[in-house]
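Engineer: this is a predicted model, with the sequence first.
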Amino acid sequence: METSSSAAPFLIPGAEQWSFLSSKAKDYRIMVWTPDIPEPAAGFPVVYMLDANAAFGSMVEAVRLLSRGPYKIEPAIIVGIGYETDEPLDTERRFYDFTIHADPEELPPRKDTSPWPETGGADEFLEFIEQELKPVIEHLHPVDRSRQTLFGHSLGGWFVMYVFFKRPQAFSVYAAGSPSIWWKNNYILSLAELLTPAMPESVAITAVIERLKTKVYIGVGSLEKPHMVEGARRMFELLSAAAVPGLHLKHCCLQEEDHLSVIQPLLGRILRYALTN
């Protein structure tokens, strides 16, 4: 077998990346893919994804394939938020960015007995997305602000649900893969319980959800730890029981998939949920 001596790095057509230093002096690696089609009159839908180092390429290739054929989805801009590393995950950074503060007694002991990484940056990270990253993307590309998706997995899935409860107007589709519902003694479930019609706190959030016709997708693998499977199911049940007008829900438990293998099959399902008219 002969190979060229001028081999070049593999590139995904239409994709680019750059470094982004936030106003809080946090560095991110931002990855963007834009469809090679005429700009829609209303602008492109956008999918913002966390842990982009691990799955940006997979997400982009899924869009490129699924936007073809008789059952095609609508092409969308993919914006990946990653870190300045060539590893698939930056554990320390994602623990901070994707969580609110948790005291040691609110978390289970780690298997290796090491202390948990620093937590508590979720609100700061959300502000970075809303006030710094989105304006840049919207300056560079025509964007349909009414059709924006946020996808995250594991702690990233927890962050997705946190944003849904705290700022439902930020996105129209919230896709949580294997969300870490257990975080901080199941704190996120207490936010879901506030959507009960009898709770006065639910009035403002339900009004936004109804106006935007918000979608929430919760996916998990059947081979994940039992508390992960149960947590995803419980979140879906609480949201379903709230019966919020305009809220569209989907829950799936993918058979024979574990905490990491579930990411790939989730991508196509999430894209169809978010980008099929």
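Structural biologist: Structure's in. What do you need? Not measured: the values here are computed from a predicted model.
Engineer: which stretches in the stretch 101-250 of the chain count as strands?
Structural biologist: 143-153, 173-177, 215-221, 248-254 (DSSP state E, counting those that start in this stretch).
Engineer: most tightly surrounded among the ones you listed?
Structural biologist: Among these, judged by mean count of other C-beta atoms under 10 Å, the one packed with the most neighbours on average is strand 173-177 (a mean of 27). C-beta here means a position set from N, CA and C on the backbone, and glycine is covered the same way.
Engineer: ok, and what's touching the worst-scoring helix or strand of the chain on mean pLDDT?
Structural biologist: Of all helical and strand segments in the chain, the minimum by mean pLDDT, DSSP states H and E falls on helix 202-212, at a mean of 80. Defining contact as C-beta atoms under 8 Å, 6 or more residues apart in numbering, one finds that helix 202-212 is touched by 146, 165, 168-169, 172, 194-196, 214, 242, 244-247.
Engineer: returning to what we had before: I'd like the strands of the stretch 101-250 of the chain as a markdown table, with mean pLDDT and distance to residue 33 appended.
Structural biologist: Formatted as a markdown table, those follow (pLDDT from 0 to 100; distance: least, C-beta to C-beta, whole Å):
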| stretch | mean pLDDT | distance to residue 33 |
| --- | --- | --- |
| strand 143-153 | 97 | 14 |
| strand 173-177 | 98 | 17 |
| strand 215-221 | 98 | 21 |
| strand 248-254 | 97 | 25 |
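Engineer: quick one: the helices in the stretch 51-200 of the chain?
Structural biologist: 52-66, 91-97, 122-127, 134-140, 155-166, 183-193 (DSSP state H, counting those that start in this stretch).
Engineer: which one is residue 76 nearest to, not counting chain neighbours?
Structural biologist: Residue nearest to residue 76 in three dimensions, not counting chain neighbours: residue 45, with 4.0 Å by C-beta to C-beta, 6 or more residues apart in numbering.
Engineer: cool, residue 136 as well?
Structural biologist: residue 20 is the one closest to residue 136 (C-beta to C-beta, 6+ apart), at 7.7 Å.
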